[in-house]
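Student: could you work out the structure for the sequence below:
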Amino acid sequence: MLRFLGFKQTILLDRKFLVYLIDQYTSGSQSWNEFSSAVKERHANRKGQPMKRLVIPDRPKEEDYFYANPEECLQQSEDLLSST
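Tutor: A predicted model of the protein is given here:
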């Protein structure tokens, strides 16, 4: 039996910016500390939030991660309270 232990925040990556930074780092024009600081600064306010999955008519839902708990499969908070 699977248990949902709460939502954990993830970082929503700015992929274009990361590619730019990685190019800068690998070319030697940026140190590791500068690279690390730039990544942390750019992604400080890009935390993930729970959201509904996009439903495209006539197509099955595509999962980002096989073991992820889609919101539709989880009990809502008022359902949890009424079942105790």
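Student: name the residues of the lengthiest helix in the chain that are buried.
Tutor: Ranked by residue count, the top helix of the chain under DSSP state H comes out as helix 15-27. By neighbour count with 16 or more other C-beta atoms under 10 Å, helix 15-27 contains the buried residues L21, Y25. For glycine as for every other residue, the C-beta is placed from the backbone atoms N, C-alpha and C.
Student: quick one: average confidence on it?
Tutor: On average, the pLDDT along helix 15-27 is 95.
Student: other residues contacting the helix or strand just after that helix?
Tutor: Going down the chain from helix 15-27, the next helix or strand is helix 32-42, by DSSP states H and E. Helix 32-42 is touched from outside by D14, F17, L18, L21, I22, Q24, Y25, Q30, with contacts defined as C-beta atoms under 8 Å, 6 or more residues apart in numbering.
Student: and if we set it to 7 Å?
Tutor: D14, F17, L21, Y25 (C-beta atoms under 7 Å, 6 or more residues apart in numbering).
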